[in-house]
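In: Structure here, sequence nowhere to be found:
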DNA sequence: GGTATTTCTTAATCTTGATTCATTTTTTGA
DNA sequence: TCAAAAAATGAATCAAGATTAAGAAATACC
């Protein structure tokens, strides 16, 4: 649904019909089945993805050859490898659909064109980017101020619905510990 | 030096003389002595600080009553508590000068006025914000993929000059471990 | 509907880095 | 310049969570 994107933008800045039209022409809708990759290592990331339905994850393979998830994106979140997108260098990440999803995709190039034609988007992305940064900082704060167990309980209480949607091992990965440890603390819970 | 700010902005977007004038009128220069606080807990953060000389740190007091540093800002970096700035709620952070510093300060209010008068700034802050987010994500990646010792050695090799500027215990705090552990790995180094 | 693959659990042992407490070294400021 | 405060070091003990290795339970798919 294209509307999901423009509706989200309109929560932050004003768009007239011409703007909406421009945006809708610049983006493409993709249906992605569970486990499909939108980005793989050694590829240059050239697009940003807005999740209109479903769930994506961003992860890399660490030295111990385990998947390390660094981000999830659900409805109304953007997902991309901004590092690769900016630098034009190959990514070291995977972006993969965790559920059958619908994403609205826009290339970096088209986005830059859009910034010229609809300058309010510049503001929208500034705001969205700032929120993303604040959230990321908050996450670092949590990492450094809670134990793994505390972080698990904290996350569960903040996002009870979300933890139902994804396999436990993915949450363990996102929170930075092993599935075994996750089982241990869940067992304790009783 | 006001020029430090406008020069930095001009690395990302074009400014004409009128823009520069507007910016210079909106900001104020502050000389801050080492250990001076620019923000303390329970205060609402209403400003953003651009470091034109010196070094600031952002930290909070964790449950164990230790200082936990989450960010440093040196020359040409912005520092603020975006969470408090955005929400208008009291901060739980300290922003403190680590060295005698010169900061260029702008209030959230004035900045919003500036966005109207000089829309290129919207782009500048979008770009700066995006870089900050990318850096923050990169940091989370490091936290989750290296041991504390590895992270210390990695950081030291990336920023050899910076580690000379700050006390070791502050670096230990930023990297998320104790000064004692830091001593241990430094001793090993020989 | 049954087999194969994924996901989750349990338990024993091992490691990294925290804690505690004491001492030394360096820096600061009157 | 010298006393006091701040910062760094060292060593012994402890704890959180990793690792390894099974096995059990769910889910997916043919």
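Out: Structure received. Values in this document were obtained by computation on a predicted structure and should not be read as measured data.

In: So which residues of chain A form strands?
Out: Under the criterion DSSP state E, strands of chain A are mapped to A:28-32, A:37-39, A:47-53, A:56-61, A:67-73, A:78-79, A:94-97, A:101-107.

In: quick one: the fifth one to strand A:101-107, angle?
Out: Looking back up the chat, that one is strand A:67-73. 90 degrees (axes from the mean of the first three to the mean of the last three C-alpha atoms, to 10 degrees).

In: Likewise for the fourth one?
Out: Using the same axes, to 10 degrees, the direction of strand A:56-61 lies 70 degrees away from that of strand A:101-107.

In: what does the first one give?
Out: Between strand A:28-32 and strand A:101-107, the angle formed by their directions is 140 degrees, by the same axes, to 10 degrees.

In: near DNA strand C, which residues of chain A?
Out: By the criterion of C-beta under 7 Å from any atom of the strand, the positions of chain A lying close to DNA strand C are A:167, A:168, A:169, A:179, A:180, A:182, A:183, A:184, A:186, A:187. Yep, even glycine has a C-beta here, placed from its N, CA and C like the rest.

In: For residue A:135, find the nearest of the strands of chain A.
Out: Checking the strands of chain A against residue A:135 by C-beta to C-beta gives strand A:67-73 as the closest, at 9.8 Å.

In: any idea how far the closest one is from the chain center?
Out: Relative to the mean C-alpha coordinate of its chain, strand A:67-73 is positioned 8 Å out (C-alpha atoms, centre = their mean, to the nearest Å).

In: which residues are contacting that strand?
Out: Strand A:67-73 is contacted from outside by A:49, A:51, A:55-62, A:79, A:93, A:98, A:162, A:166, A:170, A:173-174, A:176, B:137, B:140-141, B:144-145, using C-beta atoms under 8 Å, 6 or more residues apart in numbering or on different chains.

In: Go through chain A and flag its longest helix.
Out: Identified as the longest helix of chain A according to DSSP state H is helix A:120-145.

In: what helices or strands is that helix leaning on?
Out: Helices and strands touching helix A:120-145, by 3 or more C-beta pairs under 8 Å, 6 or more residues apart in numbering or on different chains; DSSP states H and E, are helix A:17-26, helix A:108-117, helix A:148-158, strand B:67-73, helix B:82-87, helix B:120-145.

In: so can I have TSV of these showing mean neighbour count?
Out: Putting those into TSV (neighbours: other C-beta atoms under 10 Å in any protein chain shown) gives the following:
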stretch	mean neighbour count
helix A:17-26	15
helix A:108-117	14
helix A:148-158	15
strand B:67-73	20
helix B:82-87	18
helix B:120-145	20
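
In: Put together TSV for the ones you listed, with mean pLDDT and distance to residue B:43 on each row.
Out: Written out in TSV, the entries for these read as follows (pLDDT from 0 to 100; distance: least, C-beta to C-beta, whole Å):
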stretch	mean pLDDT	distance to residue B:43
helix A:17-26	94	39
helix A:108-117	96	35
helix A:148-158	94	25
strand B:67-73	94	17
helix B:82-87	94	8
helix B:120-145	93	22
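
In: so what's residue A:79 up against?
Out: Contacts for residue A:79 (C-beta under 8 Å, 6+ apart) come out as A:38, A:48, A:49, A:50, A:51, A:56, A:58, A:71, A:73, A:95, A:103.

In: Kindly report the residues of chain A close to chain B.
Out: A:60, A:62-63, A:68, A:70-71, A:82-83, A:86, A:115, A:119, A:122-123, A:125-126, A:129-134, A:136-141, A:143-145, A:176 (C-beta under 8 Å from any C-beta of the partner chain).
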